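K.L.:
next input, structure requested:
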Amino acid sequence: MQVLVTGVAGFIGAALTERLLARGDSVVGVDNCNDYYTPELKQARLARLEKQDGEFHFHRLDFADMAALEQALGGKAIDRIVHLGAQAGVRYSIENPAAYIQSNLVGHANLLEIARHRNVEHMVYASSSSVYGGNDKVPFSVDDRADNPVSLYAATKKADELMSETYSHLYRIPLTGLRFFTVYGPWGRPDMAYWKFTQSILGGRPITVFHKGEMWRDFTHIDDIIAGVIAVLDNAPADDGKAKAGGSTKPHALYNIGNNRSEKLTDLIAILEDACGRKAEIDWQPMQPGDVIRTYADIDAISNDLGYSPTTNIADGLPRFVEWYRDYHRV
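P.N.:
This is a model prediction of the structure:
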């Protein structure tokens, strides 16, 4: 099977590609390796993939550029697509909204067109827990309304879901959107709090903590995320008129992928302090625009449909990240 993976140099994309190659799939990877965070980390992920056994073809391009995307794919047969590429980050969307419109909206539409014209078996795409906005009801269920995003990033992800519903209705393309909850682990993203905290604690610098630490996140280890993505990829929603997760009667499903636990930010800090072997100096700051108090995934839909069951809690997962971080940075 040949799988097109966008965002292949990213955290989830690289980990997924590693797993796909290990099981014998061929992967065509696309990424523009932009400088939203250090491109050197993306290059290091790609270097690992290039060394792995299996058929892996990488194309450095912007998937929002349809002409470049079609030229790179050429006559390649694409069986399935995992569209993970996007401009990420809630706070950055406040500073640079144009990047989100181009990558997350135009880019997503391009991938839907590729899926349509190549008659792919299934396209899985990245949505986000951010679509739930400031919902008070927890845990967040895919059956909940998600009509009040509090950041442009969240709005683009909700728009991707709506575009996908339309394409599934018009062209009967099997599509599944994944609402990822805070993903962490080795080879992660330097813009995420757990990375910044680790970097600052080990470097003897203060960490910035917002809203007096009264914030909760559903932290999900990368190994659990990849197990969920693989299970989804191998089980396309049927075009049978029955309601899918998320409510669609088309071949379009929506799933939360989280750990089904909401962890307090100060608990995460305490675990990192123990793993780093030193206390954190904290710079307390007020709540940031576009941020939310709590995320918490109801994973009943993906568990019941596909047997998804996360196994890693932060007490185990965070020390493994710190160990990797020390090794990668030689500190």
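K.L.:
the strands in this protein, which residues?
P.N.:
2-6, 26-31, 56-60, 80-83, 122-128, 175-180, 183-184, 207-210, 216-217, 220-221, 252-257, 263-264, 282-285 (DSSP state E).
K.L.:
average pLDDT across the fourth one?
P.N.:
In other words, strand 80-83. Averaging pLDDT along strand 80-83 gives 98.
K.L.:
now it: buried residues?
P.N.:
80-83 (16 or more other C-beta atoms under 10 Å). Just so you know, the C-beta spots here come from the backbone N, C-alpha and C atoms, and that holds for glycine as well.
K.L.:
got it, and stretch 93-113?
P.N.:
Quick answer for stretch 93-113 (16+ other C-beta under 10 Å): 93, 97, 99-101, 103-105, 107-112.
K.L.:
now stretch 300-311
P.N.:
So stretch 300-311, judged by 16+ other C-beta under 10 Å, has buried residues 300-303, 305-306, 308, 310.
K.L.:
got those residues as JSON lines, with distance to residue 33 and pLDDT columns?
P.N.:
As requested, those are exported to JSON lines (distance: C-beta to C-beta, whole Å; pLDDT from 0 to 100):
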{"residue": "300", "distance to residue 33": "37", "pLDDT": "97"}
{"residue": "301", "distance to residue 33": "34", "pLDDT": "97"}
{"residue": "302", "distance to residue 33": "30", "pLDDT": "98"}
{"residue": "303", "distance to residue 33": "35", "pLDDT": "98"}
{"residue": "305", "distance to residue 33": "34", "pLDDT": "98"}
{"residue": "306", "distance to residue 33": "32", "pLDDT": "98"}
{"residue": "308", "distance to residue 33": "30", "pLDDT": "97"}
{"residue": "310", "distance to residue 33": "30", "pLDDT": "97"}
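K.L.:
now flag whichever of those is closest to residue 195.
P.N.:
residue 310 (20.4 Å; C-beta to C-beta).
K.L.:
need phi/psi at the closest one.
P.N.:
phi -60, psi 150 (degrees, to the nearest 10).
K.L.:
same question for residue 75.
P.N.:
Dihedral angles (degrees, to the nearest 10) for residue 75: phi -90, psi 10.
K.L.:
what's the local residue count around it?
P.N.:
4 (other C-beta atoms under 10 Å).
K.L.:
distance of it relative to residue 118?
P.N.:
11 Å (C-beta to C-beta, to the nearest Å).
K.L.:
still on that earlier bit, and the strands of the chain as JSON lines, adding distance to residue 242?
P.N.:
As requested, those are arranged in JSON lines below (distance: least, C-beta to C-beta, whole Å):
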{"stretch": "strand 2-6", "distance to residue 242": "26"}
{"stretch": "strand 26-31", "distance to residue 242": "32"}
{"stretch": "strand 56-60", "distance to residue 242": "37"}
{"stretch": "strand 80-83", "distance to residue 242": "22"}
{"stretch": "strand 122-128", "distance to residue 242": "17"}
{"stretch": "strand 175-180", "distance to residue 242": "15"}
{"stretch": "strand 183-184", "distance to residue 242": "30"}
{"stretch": "strand 207-210", "distance to residue 242": "43"}
{"stretch": "strand 216-217", "distance to residue 242": "33"}
{"stretch": "strand 220-221", "distance to residue 242": "28"}
{"stretch": "strand 252-257", "distance to residue 242": "11"}
{"stretch": "strand 263-264", "distance to residue 242": "35"}
{"stretch": "strand 282-285", "distance to residue 242": "48"}
